[in-house]
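Chemist: return atomic coordinates for the entry below.
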Amino acid sequence: MEQPRLITDSFPLRRRPGRTPGKLKGRVKGRGYPRLRFRAPKPTEDPPSSPPTPDQALMEMLRRFDLAWEYGPCTGITRLQRWERAQALGLSPPGPVRDALLEHRDNPHLCAMVPLYPVAAVTVAKIPLP
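Modeler: Take a look at the predicted model:
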């Protein structure tokens with residue numbers, strides 16, 4: 001039985017000028033690529049710890065503030081900026097929200113709204129093609 005041939009077998013191998021004899025294009029002599037010998041450096045210090053997650057009552061109060069449209073849109077700004085804008089517009093936002101935001105100013109869980117809410121998954125219906 002005859003072995004299957006490759007399309008490249010039908011073309012003769014040619015040497016290009018300037019190449020060393022014994023080295024053809026696409027052919028690698030030896031074992032191939034050398035193994036990389038890289039070791040990651042050992043960490044010398046502990047990674048910075050994140051601030052503790054605030055209690056659930058505080059998070060629930062901030063969620064209610066986030067979802068209340070009466071204080072204006074919340075896209076692209078922090079909670080404190082939204083509170084200050086609502087106060088400047090005379091919308092009377094709740095005072096405990098501002099107090100909590102100023103108290104926990106260095107906590108990233110409280111500054112922004114984005115990481116708190118899971119993004120809804122979108123499913124695409126599979127429609128058979130005719």
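Chemist: give me the below-cutoff pLDDT ranges for the protein.
Modeler: By pLDDT under 70, the low-scoring segments of the chain are 1, 19-38, 46-52, 113-130.
Chemist: in it, which helix has the most residues?
Modeler: helix 56-67 (DSSP state H).
Chemist: check which element follows that one along the chain.
Modeler: Per DSSP states H and E, the first helix or strand lying C-terminal to helix 56-67 is helix 79-88.
Chemist: buried stuff in that following helix?
Modeler: 79-80, 82-83, 85-86 (16 or more other CB atoms under 10 Å). All C-beta atoms are positioned from the backbone trio N, CA, C, and that covers glycine.
Chemist: and what of stretch 65-79?
Modeler: In stretch 65-79, residues buried by neighbour count (16+ other CB under 10 Å) are 65, 71, 74, 79.
Chemist: excluding its backbone neighbours, what's nearest the third one?
Modeler: To tie it back to what came earlier, the one meant is Cys74. Arg82 (5.2 Å; CB to CB, 6 or more residues apart in numbering).
Chemist: repeat that for the first one.
Modeler: Among residues not flanking Phe65 along the chain, Val97 sits closest, at 4.8 Å (CB to CB, 6+ apart).
Chemist: appreciated, that's everything.
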